[in-house]
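In: Can you look at this prediction? I've put the sequence above it.
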Amino acid sequence: MNLLPDLLIQNCGQLLTVAGASRRPKILKGMDDLGIILDGAVAIKDGNIIDVGTTKQLGKKYNKKGIQVIDALGKVVLPGFVDCHTHAVFGGDRAGEFVQRLQGANYLEILKKGGGILSTVENTRKLTLEKLINVSKKYLDTMLLDGTTTVEVKSGYGLDKNNELKILKAIQYLQKTHHIDIVPTFLGAHTIPSEYQSYPDAYVDLVCNILQEVKPYATFCDVFCDEGGFDVEQTERILSTAKKLGFGLKIHINEFKEVGGVPLAVRLCVTSADHLDNIKYRDILKLKKCGIICVLLPGVPFFLMKNNYAPGRKMIEEGLPIALATDFNPGTCPCANIQMIITLACLKLCITPAQAINAVTINAAHALEMADRIGSIEVGKQADIIILDIQDYNQLPYYFGTNHVKKVFKKGRLIVEDKQLVDLR
């Protein structure tokens, strides 16, 4: 006897299942395969996908009363977007620095004058936990309206024990109350705070010492290993300590300068290496051997008015598993819309729309170690599904600057309809 669904989404003009890569991320030619079913349909029960096929196949199979039917009207249907690198909990903004850069100042110059991350740290420290939650919820609402159904959120704007814990507690509260699935990451090693500028190694000691206390609040530990951040030795101390405590590992590298982060990432077997805008070919070959997910963030050089984009096409050709993310943050990419990132990836990383879609779904799920549950439309997975108001998936990056999302289903529940959040009370 067939299990009957409680929801059937049918008449999907192009159903992009992104299937077949739940155990290992997509690479090489797999990046071009979206597992498209024309006139597709998806059967859902209790928040999970129980069947996938054509409208004709599933229509015959589940021709019963009591099943809710959603007509996709020939639109593009695909897995919810997975934004695997963000800093979405913070106070204030840095619009003034945006103007300074337009007038000629660069990011590191602003940082050295007490701006950049340090100004956001000051603004974040001022906020109560309740205020921080309320501000950050609005960012998550925007992401959801734009089709993101799972997001990684980092701390890193507290830079002391109490404020880092405050941020992580805000993330934890949002995990429990928001419709988006949230993966928390501890980024206490984002930069050296003002009070430790003359004693950077003492701050590294502090980060290592509080790892045990923040462990209940964070899945991953991340370090900004770059110019203006932490050197290789400091990064290794922090991540090695975190690994012993059971954290998953991530690393920011090669955003501004190559400081030796790739060999360290390989040595520590991190889950993902993020940014990689200044990666050398020799380091591409090193990453190729170990299967680390390369999370590329084209919104950052775009917003900073730089031309040193990660060599996305070359990385795919060499067989690296790449993912894409917004890096949503107040300083280097205040853009929470991953659809815009897909367009930038096509235009600036020289990858195809199909490759970009794989990079923000199944490969991004691998970057969060969640590909067994999300990132594709396959039997047994969460029913995180979006309907786009377009007829062909190539139109997603082509018509840029527009929110194409018409409906969002999270665990089988309709939570966005006609570009508005649905009241589920």
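Out: Nice, thanks for sending it over. Numbering: from 1, shown residues only.
In: For stretch 158-171, which residues meet the burial criterion?
Out: 158-160, 163-171 (16 or more other Cβ atoms under 10 Å). Backbone N, C-alpha and C define where each C-beta goes, glycine included.
In: whoops, I mixed them up, stretch 184-201
Out: 184-193, 196, 200.
In: Return the subset of these lying in helices.
Out: The helices, defined by DSSP state H, take in P200 from the buried residues of stretch 184-201.
In: Dump the buried residues of stretch 184-201 to CSV, plus pLDDT.
Out: Shown next, in CSV, are the buried residues of stretch 184-201 (pLDDT from 0 to 100):
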residue, pLDDT
P184, 98
T185, 98
F186, 98
L187, 98
G188, 98
A189, 98
H190, 97
T191, 94
I192, 94
P193, 94
Y196, 95
P200, 96
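In: L73: which of the buried residues of stretch 184-201 is nearest?
Out: Closest to L73 out of the buried residues of stretch 184-201 is P184 (37.2 Å), distances taken as Cβ to Cβ.
In: A218 is in contact with that closest one, correct?
Out: Yes. Applying Cβ atoms under 8 Å, one finds P184 in contact with A218, separated by 4.8 Å.
In: Between these two, which contacts overlap?
Out: Common neighbours of P184 and A218 (criterion: Cβ atoms under 8 Å, 6 or more residues apart in numbering): 155, 168.
In: Identify the residues contacting the closest residue to V207 other than its chain neighbours.
Out: Distances taken as Cβ to Cβ, 6 or more residues apart in numbering put G188 closest to V207, at 4.6 Å, once the chain neighbours are dropped. Contacts of G188 were listed using Cβ under 8 Å, 6+ apart, and they are 155-156, 158-159, 164, 206-207, 210, 214.
In: Pop out the phi and psi values for C269.
Out: Torsion angles at C269 (phi, psi; degrees, to the nearest 10) stand at phi 60, psi 50.
In: Skipping adjacent residues, who's closest to it in space?
Out: Closest residue to C269 apart from its sequence neighbours, by Cβ to Cβ, 6+ apart: C290 at 6.8 Å.
In: Mind pulling up the pLDDT for the one you found?
Out: C290 is assigned a predicted lDDT (pLDDT) of 89.
In: residues contacting the residue lying closest to I351 once chain neighbours are set aside?
Out: Nearest non-adjacent residue to I351, counting by Cβ to Cβ, 6+ apart: G312, 4.7 Å away. Listed by Cβ under 8 Å, 6+ apart, the contact set of G312 reads 296, 298, 322, 345, 349-351, 355.
In: likewise N403?
Out: Per Cβ under 8 Å, 6+ apart, neighbours of N403: 145-147, 337, 339, 419.
In: Tell me how far it lies from D146.
Out: 6 Å (Cβ to Cβ, to the nearest Å).
In: can you give me the helices for the stretch 201-350 of the chain?
Out: 232-244, 261-268, 281-288, 299-303, 312-317, 338-348 (DSSP state H, counting those that start in this stretch).
In: By mean pLDDT, show me the worst of those helices.
Out: For the helices of the stretch 201-350 of the chain, where the average pLDDT is lowest is helix 281-288, sitting at a mean of 93.
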